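Visitor: give me a 3D structure for the following:
(chains A and B)
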Amino acid sequence: MKSNDKNFVRRLQMEKEDALDYIVDHYLPLVKGITIKVLGPLYNDGLIDECINDVFLSIWNNAAKFKGDTTNFKHWVASIARFKAIDYYRSAIKKQEVESDYIESTNDNSVEKEIIQMENKKEILALIRTLDPIDQKILVMRYFLDMRSEEIAEKLGLTKSAVDSRIFRGRKKLNKHAKNYILGGSFG
Amino acid sequence: MKDIYELLNGIELELKDEDIAPVTEFEKKKLASGLKQKVVKKRKQNKWKRGLSVAILTFGLMTSAMIGLSFTAYAEEIPFLGNIFKFFNSDGTYAGYDENAKKLDLVEESNGIKISVMDTVFDGKQLFVTYRIETEKDLGPRPWLNSSPIFGDSGLVGSDEVSKIEDGNYIGVSSVDHMSSYEFDEAQVNWKIDSISTEPNNQGITFEGNWEFAFDVKAVESKNIAIEEKVEKSGIQFTAENIRITPMSFILTHTFISDYKIINNWDNRSVWAEVEDDLGNTYTPLSIRGSGQDHYGVKMYSTFEKLDPKATKLILTPIVELSDNDTIGYYESGKPIKANYRSENSKADYEKFQMEEIVIDLK
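Guide: Now for the predicted structure:
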């Protein structure tokens, strides 16, 4: 049996290898496009290939967590691609910073930055999980997908100020938790 | 627990034309074949793990009874006696293993970790090897030897149970089953360990090294009783094929065949037997292993604890458990999306029933 547009999600979830051919065939242009958009400015083709590989492996390994139909699947794939690409971008930038000879002044030590720099994403996810579903969505869009408030507002049918205030509130909560985590981490 | 992949459900990014990059056929092929290699490797491990989980279930039952015991009482005993079966025997499951075990006392040291293979017992089907790990290194609460003893040329399924006695001192029992349809009289066993890690499959902290053991073991003497009795109910046919009695256990071989309707309606079918003797002793399977012969029929082996020598009859009650996998969502058409697993306490459909008893004369 081969995968087609009707059954490929189910075959993917059943760990059938032909589903891998199908998703590479149909979604590589999208995954590659999104990855290049984020990682292109770094001029590192090796990193782009690595990231694309990682995206598809993650889709395979987490297929059971996907919910929805073919259209939803396309968006899920796109979100994973963007999330991974941003993740690769951030760690690449971090490495570059370490290698440079001068130390940038980091007075703008915002919560976002601290959170993003937390090595263990499990921790930040644990923090996000304590919020209500709509705030979860907003913070995932902001921190993992690096979306602007306008974009988030448009997607969720909220006003920009509603999104901003929710981010502010969420951030305050996260800040409180994050401080506990960071303190716990360095002194514990 | 929601992880990022679950949280990314339902998030719709604005996709523009520029987000679609040109891709050549060659790029697709190269990526797909690279992915498949990684995926196959991973899946092989998973299969092994799945095989393990069946057997571990029984070990789990066994060890849960052990937790309440005082470890120090045993810690004194073990270095002198090398008596690991006794340690894992708090509820009687390993009664008789120790007397029938062959002492090996093979020691290998590498990378500051000493592994001693203590005893082995082979019942013709399943091999048990007890071992001890001593080290100054921190292997965590439950170290994983990333390998199992191997023998014969058929497939093997194994499980492993390790307990920490005190810092730097662990003991364990590894059991391996061969998939051949007949019993072996002896086994030439090879056990090559090249890493120990704090989590399964070389995850966590991994210590590499070279510990290699080779030994021969003869199967314990056993008595075979042919049964060939069939019972049938609601689309399932159960056949008890034979029972083999060893000095420390007995092994029931049974097959079951499900009809087309059952196969179509249920994702999982599990058929096994509860056993009682004429003296009122009940026996629970220590491990159940099986393999499908074809799409409809499955052959299973269940190992039970030591048989009461005074028993003259065994009464088998076949138990059928039918269950569905979890539903993790719905297609637009309303058709459920099924997972390839069933979680604990799942609300998906489940049915359990007993079949007619089969009585076996032992004398």
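Visitor: work out for me the element residue 172 sits within.
Guide: I went with chain A, as the question did not name one. Here A:Lys172, judged by DSSP states H and E, is contained in helix A:160-187.
Visitor: not quite, go with chain B.
Guide: strand B:169-178.
Visitor: which parts of the helix or strand that that strand is followed by are buried?
Guide: Downstream of strand B:169-178, the first helix or strand assigned by DSSP H and E is strand B:186-199. Buried residues in strand B:186-199, counted by 16 or more other C-beta atoms under 10 Å in any protein chain shown: B:Ala187, B:Val189, B:Trp191, B:Ile193, B:Ser195, B:Ile196, B:Ser197, B:Thr198. Glycine gets a C-beta too; all of them are placed from N, C-alpha and C.
Visitor: out of those, who's near chain A?
Guide: Counting by C-beta under 8 Å from any C-beta of the partner chain, nothing from the buried residues of strand B:186-199 sits close to chain A.
Visitor: residues contacting the residue in the stretch 51-200 of chain B that chain A sits nearest to?
Guide: Residue nearest to chain A within the stretch 51-200 of chain B: B:Glu199 (14.7 Å; C-beta to the nearest C-beta). Applying C-beta atoms under 8 Å, 6 or more residues apart in numbering or on different chains to B:Glu199 gives the contacts B:Gly140, B:Trp144.
Visitor: now for chain A, the helix or strand with the poorest mean pLDDT.
Guide: helix A:111-117 (a mean of 51; mean pLDDT, DSSP states H and E).
Visitor: helix/strand/coil for the residue nearest to B:Ala240 when sequence neighbours are not counted?
Guide: Distances taken as C-beta to C-beta, 6 or more residues apart in numbering or on different chains place B:Ile227 nearest to B:Ala240, at 4.4 Å, with adjacent residues excluded. Three-state call for B:Ile227 (DSSP: H, G, I helix; E, B strand; the rest coil): strand.
Visitor: repeat for B:Leu106
Guide: Under three-state DSSP, B:Leu106 falls in the strand class.
Visitor: which residues does the residue nearest to it when sequence neighbours are not counted bridge with?
Guide: Among residues not flanking B:Leu106 along the chain, B:Val117 sits closest, at 4.5 Å (C-beta to C-beta, 6+ apart). Taking DSSP bridges as the rule, B:Val117 bridges to B:Leu106, B:Tyr131.
Visitor: likewise B:Glu208?
Guide: B:Ser195.
Visitor: could you give the angle of the helix or strand encompassing B:Lys103 to strand B:186-199?
Guide: Using DSSP H and E, B:Lys103 maps to strand B:102-110. Here strand B:102-110 runs at an angle of 40 degrees relative to strand B:186-199 (axes from the mean of the first three to the mean of the last three C-alpha atoms, to 10 degrees).
Visitor: how about strand B:102-110: buried residues?
Guide: Those buried within strand B:102-110 under the rule 16+ other C-beta under 10 Å are B:Leu104, B:Leu106, B:Glu108, B:Ser110.
Visitor: now do stretch B:26-37
Guide: B:Glu27, B:Lys28, B:Leu31, B:Ala32, B:Leu35.
Visitor: show me what contacts the most centrally placed residue in chain A?
Guide: Most central in chain A under C-alpha atoms, centre = their mean is A:Phe83, positioned 2.4 Å from the mean C-alpha point. Residues near A:Phe83 by C-beta under 8 Å, 6+ apart: A:Phe144, A:Leu145, B:Ile4, B:Leu8.
Visitor: pLDDT value on the first one, please?
Guide: What it means is A:Phe144. On pLDDT, A:Phe144 comes in at 83.
Visitor: distance of it from A:Leu47?
Guide: In this view, A:Phe144 and A:Leu47 are 19 Å apart by C-beta to C-beta, to the nearest Å.
Visitor: swap in B:Leu252?
Guide: Taking C-beta to C-beta, one finds B:Leu252 at 57 Å from A:Leu47.
Visitor: am I right that the residue nearest to B:Ala240 is in contact with B:Phe238?
Guide: No. Taking contacts as C-beta atoms under 8 Å, B:Ile227 lies outside contact range of B:Phe238: 11.3 Å.
Visitor: compare those two and say which is more crowded by neighbours.
Guide: B:Phe238 (24 against 18; other C-beta atoms under 10 Å in any protein chain shown).
Visitor: okay, now the domains of chain A?
Guide: Chain A is divided into the following domains under automatic domain parsing: A:1-106, A:108-188.
Visitor: just put these in TSV and tack on distance to B:Leu279.
Guide: Listed next are the domains of chain A as TSV, based on distance: least, C-beta to C-beta, whole Å:
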stretch	distance to B:Leu279
domain A:1-106	48
domain A:108-188	54
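Visitor: just name the most buried of those.
Guide: Compared across those, domain A:1-106 shows the largest average neighbour count, a mean of 17 (mean count of other C-beta atoms under 10 Å in any protein chain shown).
Visitor: now do the helices in chain A.
Guide: In chain A, the helices defined using DSSP state H lie at A:8-13, A:17-39, A:45-61, A:70-99, A:111-117, A:121-129, A:133-139, A:149-156, A:160-187.
Visitor: right, I'll call it a day here.
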